[in-house]
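J.: generate a structure from the sequence data that follows.
(2 chains)
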Amino acid sequence: MTIQGHAARYYFLPDSAFASEAIGHADVPSSLAGRARVLYELASGENPFPNEAPGTIKNPQGEIGHDHSGPPWGSAFLHPIATYSGKKDNSGFLQQTVGSQPVVNLSASSAAPSLGPWVIWNRPFADVPVPFGTTTANLAPYSRGLVRGIAHRTSASTVTLTVKLVTLDYLGRTLSSMSSNVSISSSTETMFSIDDAWFVLGPGRNIIRIDFSTGDAAAGISVDAIGVYQTVKRSH
Amino acid sequence: MARKKSTTFQGATILDTDVDAASYQRVIENAVGDVALVFDKVTGQHGETSTIIHDGSTGRGARLGIPIVNQYIGRGLNLYGTPPAKGGNGGAGTFWIWCAPVFLVPGETTLQIEMSARFNKPASDLKLQVQVFSTSFASEATSAMDSTAGRGEPDSVFACSLSGLTAGAVHYVAISIDTSTLKDFEVGFLSYVRIRPRMTFSGRRVGLDFPNGIARAPALRATSDFGIFSPAATEGVAHRNFDAAMFGTQLAIDGYTTAGLNRNLNGLLEYVTGYPAGGNATYTQIDQDGAGVADATDPARVRFESHARALFGGGSPLYASEPQIAFPIWCECFGAFQGNDGKFAVDLAEPPSNGMIRWYAPWPISTAALAIRSIPCLMPDFQSTSSTLTAHILIGSDANANVGNWAFQIQTTTGNSASVAPVACSVANTLWRVSITGIPFTGDNLEQVSIVSSRTGAKTGIGELCVIGACLYFSP
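T.: Now for the predicted structure:
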């Protein structure tokens, strides 16, 4: 007789199950063997018994095993998601497209420029809802797109750049909108980070837009590069 | 001691683990060996060669599906001048409106390419297509692009999928249009480009229907009832090894083994999943420095599987053979080039006035060290002692131009790479590549990455080179 089916149970055991002189219950080896299989599939991405259904569900990429897209699929990696690189206008040194570098040139008198709508592909991830009874917004890796950039001032003194991060639906309606002010003090290219505003992102296609503006009367701001970044490792 | 470890995963049958089944030694023995196998695969310990490198091959970890390109361009493609000479620099011809070196990680052989653009002529009139080349400029694949109605996209979306490509290699991907037959010079507008490996799922709510906590929302009751422990800083995953002699014939199952196996399982499950194990709401593996102080940002102290070769509490990596993985960081095109003919997208003038003057591959005028392009790059928690960060730059030139005296360097916030001269990748000497390895970086850090050019001696004229595109990636 060929035995079909292998254990793939996932439940934990209390400390009392392992106390001195504790009676051995059948659920002890069952739990140990079942979790071992779940662990193997999550770690290796392989169903060790291909003639049976896997003991775990597929990851957000549609495959078996952890894919580092965030818990429970492994700790996520930090990296850029979407980019728009550029270069400070190097007049006389670099031949580059007139009017295209840097990313955004902004003065107080100019109309507030926008970058987008821009459809980006965000990595599929487990979009687990926030815990019941909490007011915490979703902190899952890849659920927030943080913005970093490079900018410098062309005016005589420090200016304030206002960056508005908008997530849209496919009809162009606003799903989320957050603004942040960035102080641009250097006349040479300097990186900046925005942590108090972000894009609310979902798995797959996302439509985003960045609106730039300034309230400084004598502003001259050059945004030389900008991008959207994944900055969360684990949040569950 | 002969460490108990399974050569391949053994598991336990349903009959051995069913309700009221007897507790057999073989079930515990196999589970001990299976967990030891997993420990070795994720840490690289004990000479394990079938480690987790996420290339999708059997037992080597699921592929990651990291998107390769999400680039905003927002530039016009019209031709200017009166009239552009056909076949010359800036003249009508086949333009690579987007081209860059694209790194396909091991295990991936398919590229899904999407471009949002609008054209003033039918795409078929422009012979819109994607060409993929090897780094020796051998043609690997060609495909027309299908136009689809984009949801929420300002322009039409043109897409295609190319498969059968070599995994673990750089490919030159060029999206081209042919302007030769145009009677006027209005071409269109290029908004943005997306490239990712294969078709990956999106919008699925995964991980919510698996019982008993593997993917439950984290608001679970805090308890210590489930065999959870917090290992010391230097313990790593605190894996307990078992002597194979403990499982000799007719030897009893003991609590040391079952309790130890239970701890091994909980520790590894949390290590691999990054999720609290055993029903607790808080992690027991805590990122901390050598003195036991919590440190959630130092990549050298990360206590979850991150391919970081972390130090844990010691001065050198605890799991020195932990597998490292390939990972794309950045990929962009910097402007158009007529790659098939080896011509610039604009006339050779500074500034140019003929051709695709709103979107062309830039070139250095100065021979002194000059940053061509800069981008902020957030680096993952990979080890940086022996950096596997690599850059690949694609360069174009007018035929027979003198490119040999140029050199390129990658400068990061952490340090500078070596300077490398371009190498010809086409017989016509109109395409050149620069590959730079061992680029300094700092894990878990925002680095300003710049592509820097320089030249020894004066230029012999305009057209010696232009920088078409580049990519940055980890490749162990």
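J.: next, B:G469: secondary structure please.
T.: strand (DSSP: H, G, I helix; E, B strand; the rest coil).
J.: and it, what is it in contact with?
T.: Listed by CB atoms under 8 Å, 6 or more residues apart in numbering or on different chains, the contact set of B:G469 reads B:C99, B:A100, B:P101, B:C331, B:E332, B:C333, B:F334, B:A361, B:I393, B:L394. All C-beta atoms are positioned from the backbone trio N, CA, C, and that covers glycine.
J.: so which residues on the stretch 351-476 of chain B come close to chain A?
T.: By CB under 8 Å from any CB of the partner chain, the residues of the stretch 351-476 of chain B that approach chain A are B:351-352, B:357-360, B:362-366, B:368, B:370-381, B:444, B:446, B:448.
J.: hmm, which two among the contacts of B:G469 are most spread apart?
T.: The widest separation within these, taken as CB to CB, falls between B:C331 and B:A361 and amounts to 15.1 Å.
J.: the more surrounded of these two?
T.: B:A361 (29 against 25; other CB atoms under 10 Å in any protein chain shown).
J.: phi first, then psi, for that one.
T.: Backbone torsions for B:A361, taken as degrees, to the nearest 10, come to phi -60, psi 130.
J.: among the contacts of B:G469, which ones are in strands?
T.: B:C99, B:A100, B:P101, B:C331, B:E332, B:C333, B:I393, B:L394 (DSSP state E).
J.: nearest to chain A, of those?
T.: Set against chain A, the nearest of those by CB to the nearest CB is B:E332 (5.6 Å).
J.: need the residues of the stretch 51-200 of chain B near chain A, please.
T.: B:52, B:54, B:56, B:58-67, B:70-72, B:74-75, B:114, B:116, B:150-154, B:191-192, B:194, B:196, B:200.
J.: and the one helix or strand B:E114 maps to, what's buried?
T.: Under DSSP states H and E, the secondary-structure element containing B:E114 is strand B:111-119. Judged by neighbour count using 16 or more other CB atoms under 10 Å in any protein chain shown, the buried positions of strand B:111-119 are B:L111, B:Q112, B:I113, B:E114, B:M115, B:S116, B:A117, B:F119.
J.: please tell me how far the last one sits from B:P154.
T.: The one in question is B:F119. When CB to CB, to the nearest Å is applied, the distance between B:F119 and B:P154 equals 14 Å.
J.: which of the residues of the stretch 51-200 of chain B next to chain A fall within strands?
T.: Residues of those located in strands (DSSP E): B:N70, B:Q71, B:Y72, B:G74, B:R75, B:E114, B:S116, B:S191, B:Y192, B:R194, B:R196.
J.: what's near enough to touch the nearest residue to B:I177 once chain neighbours are set aside?
T.: Distance criterion CB to CB, 6 or more residues apart in numbering or on different chains; nearest residue to B:I177, sequence neighbours excluded, is B:L126 at 4.1 Å. Neighbouring residues of B:L126 by CB under 8 Å, 6+ apart: B:F119, B:I177, B:D178, B:T179, B:L182, B:V187.
J.: B:L126 falls within a helix, correct?
T.: No. With the criterion set as three-state DSSP, the secondary structure at B:L126 is coil rather than a helix.
J.: B:T148 bridge partners, please.
T.: With DSSP bridges applied, B:T148 shows beta-bridge pairing to B:V157.
J.: correct me, but it touches B:V157?
T.: Yes. At 5.1 Å, B:T148 and B:V157 qualify as touching, with contact defined as CB atoms under 8 Å.
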